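K.L.:
no sequence on hand, only this structure:
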């Protein structure tokens, strides 16, 4: 009796080894995966690793999608080969990451390239047994350099590069539906935690205690929301414990590096379910407190302009088109830029410098140094700076603007502004036609617009009445010059003759206007300069007595 009591005390004081689950191999008859949906490059990675004597499986979300009959967009591979061993087997392979060291095997080049992410089976390690550091990844970088398993004061894992067997690797993964391993050569699925059953029941369930798993990696809070939004159209729901532990765990995100939160936020908004994600955040009580910029997106999601941008992003993802985070963020932050721009112009600043200053203010206030000064920030700036240029459609501006690398993004942005009533729809329609036209048609469009603008600006001018006593005035001018003694007497006589000629021309204009029909139009008035030129060619001696040309 006493010995049994002591054994229980010792057992309770000793950390229990987690249950890694029972390995189950499910054949093609049960899982029903269509082998034709598996990417050839993923098959090549698996085959190369197995041929070299290692274990290799397609793992994670790709297996989940295959079980649901969907074609995965990305394929990950898990193996018992170390990153260095994996890298040695492929011509274009790169080891990345510090917290988790993985290998990117790259196929193809340019925009058509494909990356297969290969990770090594990791051992399940208790955070209590890990080396602890007082700071974070940035402040303790030198201290973390030689560590394989380290945590910070809150229990967040900072280093996790201890390799282990597949069963421990499965226990380390977050959700049961993501802890499935598919061998495409044997066509079996390896399941340790009932992931296939949860997939059939449309349940998103955390492996182990949710609170403890969120504490290990707080970003799992964001991942849970992302999966819930992505799989909601297929009927998936969060398990009660997994969902109820989210809100109490949000405060843990404060210890996560801002750059990682920024990247996770972009994933939330670019998976093709941005509106569904925002709905999930609101329903779970997470509309505020996860990340300041994400809070702003949720706050402005119901505004027509931002909602249109979110819908457009989801549509492009559904159509398999690329999406740029710069475009969506430019839409979300445009209200701040626009208002700041207007305030600066009200202070008498010039338009373009005012816009540049407003953009700088928004970067400082909303994005900071996370990514706002990199390529993403440069693309956002270019989209915003194009907007006033769309107003100018004369000269060479339309042609040079259409050649800008970010023209399409800038135009799409302006089109959304037109749909929201911020700019004239006619302007957006003109640019759409211009952007799709040939060079000759573009020339015609610009010429037509220039002609229309001239019609609006043109004024019909009535003939100027002749100056009273013009001839005498001209003679007086010559007399004044002679009286001043500033010119020779010959110059004075020439001035008198010029004054006489000017008076004769005024009289001729007056006679032309009197002889014209009462309903004379602008064309009739335009004949006056022609008569004036003809009179200049006559000898000066006949100036005062000149007759009309048809006399």
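P.N.:
Yep, that arrived. Nothing here was measured: the structure is a model prediction, and the numbers come from that model.
K.L.:
surely residue 246 meets residue 284?
P.N.:
Yes. Under the contact definition of CB atoms under 8 Å, residue 246 touches residue 284, with a separation of 5.8 Å. (C-beta placed from N, C-alpha, C; glycine too.)
K.L.:
now list whatever residues contact both of the two.
P.N.:
Shared between the contact lists of residue 246 and residue 284 (criterion: CB atoms under 8 Å, 6 or more residues apart in numbering) are residues residue 225.
K.L.:
per-residue pLDDT, residue 125?
P.N.:
Turning to residue 125, the model gives it a pLDDT of 67.
K.L.:
residue 334 versus residue 192, what's the distance?
P.N.:
Look at residue 192 and residue 334: by CB to CB, to the nearest Å, they are 48 Å apart.
K.L.:
then residue 359?
P.N.:
The value you get for residue 359 to residue 334, if CB to CB is used, is 10 Å.
K.L.:
and for those two, which residues touch both?
P.N.:
The contact sets of residue 359 and residue 334 overlap at residue 384 (CB under 8 Å, 6+ apart).
K.L.:
and the two? Which one has more around it.
P.N.:
It is residue 334, of residue 359 and residue 334, that has more neighbours when counted by other CB atoms under 10 Å, with 26 against 22.
K.L.:
Three-state assignment for the more buried one, please.
P.N.:
At residue 334, secondary structure determined by DSSP: H, G, I helix; E, B strand; the rest coil is helix.
K.L.:
out of residue 246 and residue 284, which sits in the busier spot?
P.N.:
residue 246 (23 against 18).
K.L.:
ok, now which ones touch residue 238?
P.N.:
Under the criterion of CB under 8 Å, 6+ apart, the contact list for residue 238 reads 204, 224, 228, 246.
K.L.:
kindly report the same for residue 168.
P.N.:
In this structure, residue 168 makes contact with 20, 121-124, judged by CB under 8 Å, 6+ apart.
K.L.:
pretty sure residue 31 contacts residue 196?
P.N.:
Yes. Between residue 31 and residue 196 a contact is recorded at 6.5 Å, counting by CB under 8 Å.
K.L.:
now stretch 217-228: mean pLDDT?
P.N.:
For stretch 217-228, the per-residue pLDDT averages 93.
K.L.:
same deal with stretch 432-439?
P.N.:
For stretch 432-439, mean pLDDT rounds to 90.
K.L.:
now do the helices in the stretch 301-450 of the chain.
P.N.:
With DSSP state H, counting those that start in this stretch as the definition, the stretch 301-450 of the chain shows helices at residue ranges 304-318, 325-346, 351-362, 375-386, 397-402, 407-419, 425-436, 439-457.
K.L.:
and of those, who's closest to residue 280?
P.N.:
Residue 280 sits nearest to helix 304-318 of all the helices of the stretch 301-450 of the chain, at 13.6 Å, using CB to CB.
K.L.:
and the helices of the stretch 301-450 of the chain as TSV, adding distance to residue 41?
P.N.:
TSV is the format used below for these (distance: least, CB to CB, whole Å):
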stretch	distance to residue 41
helix 304-318	21
helix 325-346	25
helix 351-362	41
helix 375-386	27
helix 397-402	37
helix 407-419	29
helix 425-436	36
helix 439-457	41
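K.L.:
which one of those lies closest to residue 217?
P.N.:
Proximity to residue 217, assessed across the helices of the stretch 301-450 of the chain by CB to CB, is greatest for helix 325-346 (22.6 Å).
K.L.:
let's verify residue 57: helix, strand, or coil?
P.N.:
Secondary structure assignment for residue 57 (three-state DSSP): strand.
K.L.:
three-state assignment of the spatially closest residue to it that is not a sequence neighbour?
P.N.:
Across the structure, with CB to CB, 6 or more residues apart in numbering as the measure, the residue nearest residue 57 apart from its sequence neighbours is residue 181 (3.8 Å). State at residue 181, reduced to three classes by three-state DSSP: strand.
K.L.:
now residue 378: how far from residue 335?
P.N.:
Spatial separation of residue 378 from residue 335 under the definition CB to CB is 21 Å.
K.L.:
likewise residue 168?
P.N.:
49 Å.
K.L.:
and what of residue 53?
P.N.:
Noted for residue 53: a distance of 59 Å to residue 335, by CB to CB.
K.L.:
neighbour count: these two, which is higher?
P.N.:
Summary of the neighbour comparison: residue 53 and residue 335, criterion other CB under 10 Å, with residue 335 having more neighbours (15 against 9).
K.L.:
can you give me the strands for this protein?
P.N.:
According to DSSP state E, the chain carries its strands in the segments 24-26, 56-59, 76-79, 93-96, 102-107, 114-120, 131-132, 149-151, 157-160, 180-183, 188-191, 203-204, 237-238.
K.L.:
and the fifth one, what does it pack against?
P.N.:
Contact partners of strand 102-107 among helices and strands, from 3 or more CB pairs under 8 Å, 6 or more residues apart in numbering; DSSP states H and E: helix 40-51, helix 83-89, strand 93-96, strand 114-120.
K.L.:
residues of it that come out buried?
P.N.:
Residues of strand 102-107 classed as buried by neighbour count (16 or more other CB atoms under 10 Å): 102-105, 107.
K.L.:
of the helices of the stretch 301-450 of the chain, which is nearest residue 74?
P.N.:
helix 304-318 (13.2 Å).
K.L.:
could you list the low-confidence segments of this protein?
P.N.:
Low-confidence segments of the chain, defined by pLDDT under 70: 1-19, 99, 110-111, 125-161, 369-373, 456-551.
K.L.:
kindly recompute the last result at 50.
P.N.:
Of all residues in the chain, those with pLDDT under 50 make up the ranges 1, 5-16, 372, 460, 470-472, 474-492, 496, 499-551.
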